[in-house]
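Colleague: Here is the input, now give the coordinates:
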Amino acid sequence: MNQEEKQRWIQTHGSNYLRRATALGYPCTRRYLRERAERELPPAFFIAEDPGPTQRLTVDEPSERALDLVETLLAQGYSAVVVRTPAGEAVMIQDYLGDHRYVAMAFVQ
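Modeller: As a prediction, the model looks like this:
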C-alpha cells in the first residue's frame with residue numbers, strides 16, 4: 001500500500017474520524033480501505049481479511065451479474081476475478097489498493 005497515496009486520500013476524502021486518528025499516528029488501515037471501497041466500488045462490496053485459497057470459476061461458469069461486475073471493475077483499473085467460496089459465487093479484488101492482507105469482495109446473488 002502506498003502510504004503517500006493513502007494520506008492524500010484520507011485528507012481529501014476521509015471521514016473526520018479517519019483524519020483525526022491517522023494524524024495521531026494510528027494506521028487505521030481497515031477503516032481506510034472500507035471508506036475508500038464505499039466511495040469507489042459498486043454497492044455490495046466489502047473489505048475482508050484475505051480469505052485464503054479460493055477456486056476460480058472457469059470462463060463459461062460465471063453468472064451474468066458476476067461478469068457485469070468484473071467488466072465494470074476492469075474498466076476502473078482493478079484486477080477483479082470471479083471466485084467460488086464456501087458462501088457461493090463472489091467477485092473479488094485481491095490485494096485491494098496494494099494491501100496484501102485485504103480483499104474487496106461482493107457476493108453475487
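
Colleague: CA atoms for contacts and neighbours, from now on please.
Modeller: Noted.

Colleague: Buried ones in the helix or strand hosting residue 12, by neighbour count?
Modeller: Here residue 12, judged by DSSP states H and E, is contained in helix 3-13. Using 16 or more other CA atoms under 10 Å as the test for burial, helix 3-13 gives 6, 7, 10, 11.

Colleague: One more: stretch 89-109?
Modeller: Neighbour-count burial for stretch 89-109 flags 89-97, 102-108 (criterion: 16+ other CA under 10 Å).

Colleague: just curious, which of the residues you listed is nearest to residue 72?
Modeller: Nearest to residue 72 among the buried residues of stretch 89-109, counting by CA to CA, is residue 91 at 11.1 Å.

Colleague: Surely that closest one and residue 70 touch.
Modeller: Yes. In terms of CA atoms under 8 Å, residue 91 counts as a neighbour of residue 70; the distance is 6.9 Å.

Colleague: joint contacts of the two?
Modeller: Common neighbours of residue 91 and residue 70 (criterion: CA atoms under 8 Å, 6 or more residues apart in numbering): 80, 81, 82.

Colleague: ok, back up a step: TSV for the buried residues of helix 3-13, including distance to residue 50 and pLDDT?
Modeller: Putting these into TSV (distance: CA to CA, whole Å; pLDDT from 0 to 100) gives the following:
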residue	distance to residue 50	pLDDT
6	20	96
7	23	96
10	23	98
11	27	97
